[in-house]
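Student: Sharing a model prediction with you, sequence too.
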Amino acid sequence: MKIKKENPANKIQDLQFFGEYGGVNPSIADSSTFTYLAGNTMGDVFEGTRQGCYLYSRHTNPSNSYLGQAISEMEYTKGAILSASGMGAISSTILQICGSNDEIVSSRTIYGGTYAFMKNYLPKFQIKTSFVDTTKIDQIESAITKKTKMIFCETMSNPLLEVSDIYAISKLAKKHNILLVVDNTFTPMIFSPARMGADVVIHSLTKFINGTSDTVGGVICSNEEFISDLIDVNSGSAMLLGPVMDSMRSASILKNTRTLHLRMKKHSENAMYLASSFQKDGLKVMYPGLNSHPQHKMMTKNMNEGFGFGGIFVIDAKTKEQANLLMEEMQNSNLGYLAVSLGFYKTLFSAPGLSTSSEIPDEERAVMGLTDSLVRISIGIDHDIHRTYETMVKCMQKVKIL
Ligand SMILES: *Cc1c(COP(=O)(O)O)cnc(C)c1O
């Protein structure tokens, strides 16, 4: 008998926060600093001998704590630290774990900003990254050296939608006594990497979790020890690099987390409908929900029930020119926006080879199969997806892809 897993949607729904006057939403902490009744108490907080007091908003603040609690519940971790962007979360995590002469083994198909940070910025600190295909466990293992401190991957990679086997990678990380850091931005609720053995789970909140494309934001979820290290006043990167999220923003993002399960379900349902229809029409489509996807079986086994295979699919528009024409045509037909980012209520599309992944050098993109003719589509929560399909077909016929 299959044991029914606890569902991350329930974890958010079960939270009960009261506002200052009994409001159904928590009050916003509109203060950068917090008062103390006794001088001694403040000293103890700085020393780290007293916990649970707010001190200064760059450290922690009540609004960020509410959102942090919601996301750590969803991710099955003990704690979470908010940051003003996903890159703020990624860079702080890496600089907390790695120092001079340490090494990282990372997936080669990751978000362009993360790739650029590892490839171009970390060498300033003599931190070296080996980029491998993390869908191949033997490639990860052979890149691990005595200096390796962490393995980094995305649960579902950007933009090629490769799915990493977090169970297998975490086993390997434990065997070598190194940390596994997972960027779960593409698959909130769908995957729970911490439950599968990841030590740190990161999100860009900018995407599905917030879902309204009105702000950037990020979060780092982990155990109590790593979280308190991150905000240590003397040595914590989340404290000293200052990536903190503003209280007003965390309050607005918290409200959006409550509909995340409905949105993920709808995004996935729509993506599945379109990906399978276009595949039937003879187009080259990448989507983990399709049998043709190399990690389809593994994903089916490992994912949480009820949220589908995610809201993003990629089509090959044959040439770079046709990719650009198709996107312009789709925008003109009000199918969505020609814009980077993902997880919006309306469809967003971009050509990753020409935009968000352009940081990756040409020869490496060729090895990965990241060509200039790919169009990444983050499908919206369209009510009538058949209507969307018919309009999209017209656009594709016009630019001679179908
Ligand atoms: C967008 C994105 C990031 C970066 O997040 P920002 O909020 O833009 O800083 C990191 N990882 C993935 C997978 C992303 O899609």
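Tutor: All right, it came through fine.

Student: my guess is Lys398 contacts Glu329, does it?
Tutor: Yes - with contacts counted by Cβ atoms under 8 Å, Lys398 reaches Glu329, the gap being 5.7 Å. In this view, the C-beta of every residue, glycine as well, is placed from N, C-alpha and C.

Student: Compare these two (neighbour count), which wins?
Tutor: Set side by side, Lys398 and Glu329 show more neighbours around Glu329, with 21 against 14, by other Cβ atoms under 10 Å.

Student: helix/strand/coil for that one?
Tutor: Secondary structure, DSSP: H, G, I helix; E, B strand; the rest coil: Glu329 is helix.

Student: same question, Cys221
Tutor: Using three-state DSSP as the criterion, the local structure at Cys221 reads strand.

Student: Torsion angles phi and psi at the residue sitting nearest the centre point of the chain?
Tutor: With distances taken as Cα atoms, centre = their mean, Thr185 lies nearest the centre of the chain, 1.4 Å away. Dihedral pair for Thr185: phi -50, psi -40, per degrees, to the nearest 10.

Student: ok, so what distance separates it from the ligand?
Tutor: Thr185 sits 4 Å away from the ligand, going by Cβ to the nearest ligand atom, to the nearest Å.

Student: if I read this right, that residue contacts Ser204, doesn't it?
Tutor: Yes - under the criterion of Cβ under 8 Å, Thr185 makes contact with Ser204 at 4.6 Å.

Student: which residues are in contact with both of these two?
Tutor: Taking Cβ atoms under 8 Å, 6 or more residues apart in numbering as the contact criterion, the common neighbours of Thr185 and Ser204 are 86, 111.

Student: centre of the chain versus the lowest-mean-pLDDT helix or strand in the chain, how much separation?
Tutor: Ranked by mean pLDDT, DSSP states H and E, the weakest helix or strand in the chain is helix 362-368, scoring a mean of 83. Here the centre of helix 362-368 is set off from its chain's centre by 23 Å, with Cα atoms, centre = their mean, to the nearest Å.

Student: what's the burial count for the residue in the stretch 51-200 of the chain that the ligand sits nearest to?
Tutor: As assessed by Cβ to the nearest ligand atom, the ligand sits closest to Gly86 within the stretch 51-200 of the chain, at 2.2 Å. Gly86: 23 surrounding residues under other Cβ under 10 Å.

Student: what bits of the chain have low per-residue confidence?
Tutor: 1-5 (pLDDT under 70).

Student: so where's the longest strand in it?
Tutor: With DSSP state E applied, the strand covering the greatest number of residues in the chain is identified as strand 148-154.

Student: Which strands and helices lie in contact with it?
Tutor: Here strand 148-154 touches helix 86-97, strand 103-107, helix 166-175, strand 179-183, going by 3 or more Cβ pairs under 8 Å, 6 or more residues apart in numbering; DSSP states H and E.

Student: Apply 6 Å and report the result again.
Tutor: For strand 148-154, the elements it packs on are strand 103-107, strand 179-183, judged by 3 or more Cβ pairs under 6 Å, 6 or more residues apart in numbering; DSSP states H and E.

Student: Any idea which of these gets closest to Asp229?
Tutor: Proximity to Asp229 (Cβ to Cβ) singles out strand 179-183 among the helices and strands packed on strand 148-154, at 11.9 Å.

Student: Toward the C-terminus, what is the element adjacent to that closest one?
Tutor: Per DSSP states H and E, the first helix or strand lying C-terminal to strand 179-183 is strand 200-204.

Student: Provide the strand pairings for that next one, with the direction of each partner.
Tutor: Strand pairing for strand 200-204, determined by DSSP bridges: strand 179-183 (parallel), strand 218-222 (antiparallel).

Student: ok and the last one relative to helix 86-97, angle-wise?
Tutor: What that stands for is strand 218-222. With axes from the mean of the first three to the mean of the last three Cα atoms, to 10 degrees as the basis, strand 218-222 and helix 86-97 are set at 40 degrees to each other.

Student: Ok, the first one next?
Tutor: Using the same axes, to 10 degrees, the direction of strand 179-183 lies 180 degrees away from that of helix 86-97.

Student: Any residue of strand 179-183 touching the ligand?
Tutor: Yes - for strand 179-183, a contact with the ligand is found by Cβ under 6 Å from any ligand atom, at Asp183.

Student: now swap in the last one and tell me
Tutor: Yes - taking Cβ under 6 Å from any ligand atom as the criterion, strand 218-222 and the ligand are in contact, through Gly218.

Student: Which is the succeeding secondary structure element to that strand?
Tutor: The element immediately downstream of strand 218-222 (helix or strand, assigned by DSSP H and E) is helix 224-230.

Student: Can you name every helix or strand that that next one contacts?
Tutor: Here helix 224-230 touches strand 79-83, going by 3+ Cβ pairs under 6 Å, 6+ apart.

Student: And for the strand it packs on, what's in contact with it?
Tutor: Here strand 79-83 makes contact (Cβ atoms under 6 Å, 6 or more residues apart in numbering) with 64, 67-68, 71-72, 89, 218-221, 224, 227, 230, 238, 243, 245, 250.

Student: Quick check: beta-bridge partners of the residue of the stretch 201-350 of the chain found nearest the ligand?
Tutor: Closest contact between the stretch 201-350 of the chain and the ligand, by Cβ to the nearest ligand atom, is at Ser204 (3.0 Å). Beta-bridge pairing of Ser204 under DSSP bridges involves Gly218.

Student: so it touches Met87, yeah?
Tutor: No - Ser204 is beyond contact range of Met87, at 7.7 Å (criterion: Cβ atoms under 6 Å).

Student: The two: which is more packed in?
Tutor: Neighbour totals were compared for Ser204 and Met87, and Ser204 leads with 30 against 19 (other Cβ under 10 Å).

Student: which residues touch that one?
Tutor: Going by Cβ under 6 Å, 6+ apart, Ser204 touches 86, 185, 218.

Student: Which residue, neighbours along the chain excluded, lies closest to Glu224?
Tutor: Nearest non-adjacent residue to Glu224, counting by Cβ to Cβ, 6 or more residues apart in numbering: Lys78, 4.7 Å away.

Student: Met264: what's it in contact with?
Tutor: 189, 307.

Student: repeat that for 10 Å
Tutor: Met264 sits next to 8-9, 187-190, 208-209, 211, 304, 306-308, 310-311, 343, 381 when contact means Cβ atoms under 10 Å, 6 or more residues apart in numbering.
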